[in-house]
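> got a predicted structure here, sequence first:
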Amino acid sequence: MARSRLRRRPSLSRVLSRAAAFVILLFLVAPLVVLIGSSFSATASVSFPPSGFSLRWYEYVFTSAQWRDSFLASGLLVLLVVPTVATLAALGGYAVVRGTFPGRGAVSAFLLSPLLIPEVMIGLGLLSSLQPLGIRGTVASMWIAHSLVCLPFAMRSVIIAVSGTDPRVELAAASLGASRVRVFLTVSLPMMAPGIVSGAVLATVVSLGEVAVSAFVSGPTTTTIPLRIFSAVQYQLDPSAAAASTILIVLSATAMVLLDRFSKVRIA
Amino acid sequence: MARGVRPTGRTRGTLLALPATAFLVIVFAFPLVFLLILSFRPTNEYNETLDGFTLDQYVAIFTRDYMSSALLNSLQIAAFTTVACAVLAYPVAWILARSNASVLRTVTFLIVVSPLLTSVVVRSYGWRVILSANGPLNSTLMALGIIDEPVSMLLTQPVVLLTIIHVLLPFAIITLTTALRTIDGTLYRASESLGAGPVRTFVTVTLPLSLPGLLSGAMLVFALALGIYVTPLLVGGANQTLVGLRIYEQVMTLFNQPIGAAFSYVLLAISLVVIAAMTWISRRLEVKRG
């Protein structure tokens, strides 16, 4: 009895484990907190805690032509990439789970394989192939690059969703006389919709933040928000990049909150 | 789930798989084949690609110190990052998988995914602010009297390592959480009731059962760490001896695509060998468990 009473008290190892977790979480969140804080700086230097409070860098980001072009470039890419990726992932993800064609396993592995290739290699591969075609630096090249980077994430999300649905529902629809196309559109598609939605949200978040591959194929007209932050951080450091970063964080977080609202799918 | 219940023996789904497969063949497989050919092409003194066949690039990677040291250093950094992420992931994944306090779990989850939702440039920028001469870390250390004047921490290798761990840790935590959730909770109580302390329970129950999940997270972290370049470039500068940075520099600054291509293939080969080894180990572990 006394022994079990003793066990209920938080043990030393439990306290240590919690303390370690606290420090690690602090480590994870620190740069974001510092960055958001310094975006409200009243002076031209990036510092934390910020010197004074002002929204001048936000005003700057919203009125500067350069930042506006970047927001437009990022927005345009999301509008192009997300429908592309969602369509390819919905069809492909469904096919590799429910399909009965030869080489299905190999196709499935192939569709997820870009995740295993170093980003720098994907970037260089696209650069060396798109340059001779003369489309490096265009919106088309960024559309291709982002679709390629985002596709495996969406694909995985759709595959998980389809695997979790019951194929007998589709069989029931087919036995009642529905054609294959009708079964897919009216039964399969609604059942895997949560997977497609979460895949689309992941694609949005990945596209909004993509730098490693984009840096190889972007051009002056396709400098997205993260690419402009990338060059701003390398060459000059003023709080406008912090303000743009904060806006980017808010945009991505909004996408995730919408996902949480409208579907039951979690990424973890 | 009702596997084997198929309407007919006909092949289905070929047409549906076609768009995504064709897309990847054109924009992914084809460029990689082109890159392989490019890696064997000779170059002139202006780094222009010529026709022909040469092994010069591959020889240079392993013999020129400038290249080979980057390869060795990247391997060390990737290995260290993988181990560090595995260790650091446990306390946090434990809360996500096992804690009964839902508020704690939600806050932890939000903190773990928040870096994933944030571009690597944004995170690297945050680190630059923290580590800068007039940043919060230096002022805290000075206020505590540990240092007398600001230490310049940016552009050093330890800081590069720290930020790489920061970028990749969420991947390790999420994979490990999934693994810890599948462990039957009664096993812990059984272990405890048989008199094992928390440390012994961890070593004999938690660790072996979560090892496959830990390994799959480790593979991901290792592969991503090996080729990373954006974060090291932003906090460490272009002079860090890392493969990813060397490739970026050779291609974007010196316009030497063939050497970048050869370096990419060496990088891929190493990463595939390590992933294959880890897969083999985790298969063996699963077979042993039955």
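Perfect, I can see it now.
> wait, doesn't B:S68 sit right on B:F62?
Yes: counting by CB atoms under 8 Å, B:F62 is a contact partner of B:S68 at 5.6 Å. (C-beta placed from N, C-alpha, C; glycine too.)
> have a look at these two and say which one is more surrounded.
Counting neighbours by other CB atoms under 10 Å in any protein chain shown for B:S68 and for B:F62 shows that B:S68 has the greater number, 14 against 10.
> check whether the helix or strand where the more buried one lies contacts chain A.
In the assignment (DSSP states H and E), B:S68 maps to helix B:65-98. Yes: using CB under 8 Å from any CB of the partner chain, helix B:65-98 reaches chain A at B:L88, B:Y90, B:P91, B:V92, B:W94, B:I95, B:L96.
> show me how far the helix or strand hosting A:S240 is from its chain's centre.
Assigned by DSSP H and E, A:S240 falls within helix A:239-262. On the basis of CA atoms, centre = their mean, to the nearest Å, helix A:239-262 sits 11 Å off its chain's mean C-alpha point.
> report the buried residues of it.
A:239-249, A:251-253, A:255-256, A:259 (16 or more other CB atoms under 10 Å in any protein chain shown).
> these: which ones sit near chain B?
Restricting the buried residues of helix A:239-262 to those near chain B by CB under 8 Å from any CB leaves A:A241, A:A242, A:S245, A:L248, A:I249, A:S252, A:A253, A:A255, A:M256.
> would you mind measuring from the nearest residue to the second one once chain neighbours are set aside to A:Y60?
I take that to be A:A242. Distances taken as CB to CB, 6 or more residues apart in numbering or on different chains place A:S39 nearest to A:A242, at 3.8 Å, with adjacent residues excluded. Counting by CB to CB, to the nearest Å, the separation of A:S39 from A:Y60 is 11 Å.
> more neighbours, these two?
A:S39 (25 against 15).
> isn't that one up against A:L248?
No: judged on CB under 8 Å, A:S39 makes no contact with A:L248 at a distance of 10.8 Å.
> ok, residue 251 - contacts?
Chain wasn't specified; assuming chain A. Counting by CB atoms under 8 Å, 6 or more residues apart in numbering or on different chains, A:L251 makes contact with A:L208.
> try again with chain B
By CB under 8 Å, 6+ apart, the residues touching B:V251 are A:L124, A:L127, A:F216, B:Q257, B:G260.
> excluding covalently adjacent residues, which one is nearest to it?
Closest to B:V251 by CB to CB, 6+ apart is B:G260, at 4.1 Å.
> count the neighbours of the one you found for me.
29.
> what does A:L76 give?
Applying other CB under 10 Å, we find 15 residues neighbouring A:L76.
> which residue in the ones next to chain B among the buried residues of helix A:239-262 has the weakest pLDDT?
Within those, pLDDT reaches its minimum at A:M256, with 77.
> correct me if wrong: that one contacts A:V201.
Yes: A:M256 lies in contact with A:V201 (CB under 8 Å); the separation is 6.6 Å.
> now do the phi/psi pair for the nearest residue to A:A244 once chain neighbours are set aside.
Of all residues not flanking A:A244 in the chain, A:V61 sits nearest, at 5.1 Å (CB to CB, 6+ apart). With angles defined as degrees, to the nearest 10, A:V61 sits at phi -60, psi -40.
> which stretches of the stretch 1-150 of chain B have low pLDDT?
B:1-10 (pLDDT under 70).
> list of residues touching the helix or strand hosting A:L130?
In this assignment (DSSP H and E), A:L130 forms part of helix A:119-133. Here helix A:119-133 makes contact (CB under 8 Å, 6+ apart) with A:114, A:136, A:141, A:144-145, A:148-149, A:212-217, B:27-28, B:30-32, B:34-35, B:38, B:227, B:229, B:244, B:247-248, B:251, B:257, B:260-261, B:264-265, B:267-268.
> what's the answer for stretch A:149-161, then?
A:81-82, A:85-86, A:88-90, A:92-94, A:96-97, A:108, A:111-115, A:119, A:122, A:191-192, A:194-196, A:198-200, A:202-203, A:206-207, A:210, A:213, A:265, B:20, B:23-24.
> quick check on these: which are buried?
A:81-82, A:85-86, A:88-90, A:92-94, A:96-97, A:108, A:111-112, A:114, A:119, A:122, A:191-192, A:194-196, A:198-200, A:202-203, A:206-207, A:210, A:213, A:265, B:20, B:23-24.
> among these, which lie within helices?
Of the buried ones among the contacts of stretch A:149-161, the ones assigned to helices by DSSP state H are A:81-82, A:85-86, A:88-90, A:92-94, A:96-97, A:108, A:111-112, A:119, A:122, A:191-192, A:194-196, A:198-200, A:202-203, A:206-207, B:20, B:23-24.
> in stretch A:29-47, what's buried?
Burial within stretch A:29-47, assessed by neighbour count using 16+ other CB under 10 Å, is assigned to A:29-32, A:34-41, A:46-47.
> please apply the same query to stretch A:206-220.
Going by neighbour count (16+ other CB under 10 Å), the buried part of stretch A:206-220 is A:206-218.
> ok, now stretch B:175-182?
By 16+ other CB under 10 Å, the buried positions in stretch B:175-182 come out as B:T175, B:L176, B:T177, B:T178, B:A179, B:L180.
> could you measure the residue of the stretch 151-268 of chain A found nearest chain B against B:T253, distance?
For the stretch 151-268 of chain A, the residue closest to chain B is A:G209, as judged by CB to the nearest CB, at 3.2 Å. Remark: distance between A:G209 and B:T253 (CB to CB) = 24 Å.
> which of the contacts of helix A:119-133 fall within strands?
Using DSSP state E, no member of the contacts of helix A:119-133 falls in strands.
> tell me the buried residues within the residues you listed.
Counted by 16+ other CB under 10 Å, these give A:114, A:136, A:141, A:144-145, A:148-149, A:212-217, B:27-28, B:31-32, B:35, B:38, B:227, B:229, B:244, B:247-248, B:251, B:257, B:260-261, B:264-265, B:267-268 as buried.
> give the contact list for B:L117.
Going by CB under 8 Å, 6+ apart, B:L117 touches A:V205, A:G209, A:I249, A:S252, A:A253, A:A255, A:M256.
> what's the neighbour count on the closest residue to the third one other than its chain neighbours?
I take that to be A:I249. Among residues not flanking A:I249 along the chain, B:T118 sits closest, at 5.4 Å (CB to CB, 6+ apart). Using other CB under 10 Å, B:T118 is surrounded by 24 other residues.
> B:T118 belongs to a strand?
No: under DSSP: H, G, I helix; E, B strand; the rest coil, B:T118 falls outside any strand and is assigned coil.
> so what's it up against?
A:L32, A:G209, A:S245, A:L248, A:I249, A:S252.
> just A:P239 next, same as before
Contacts for A:P239 (CB under 8 Å, 6+ apart) come out as A:S38, A:S39, A:S41, A:A44, A:S45, A:V46, A:W57.
> let's see 7 Å
A:S38, A:S39, A:S41, A:V46, A:W57 (CB atoms under 7 Å, 6 or more residues apart in numbering or on different chains).
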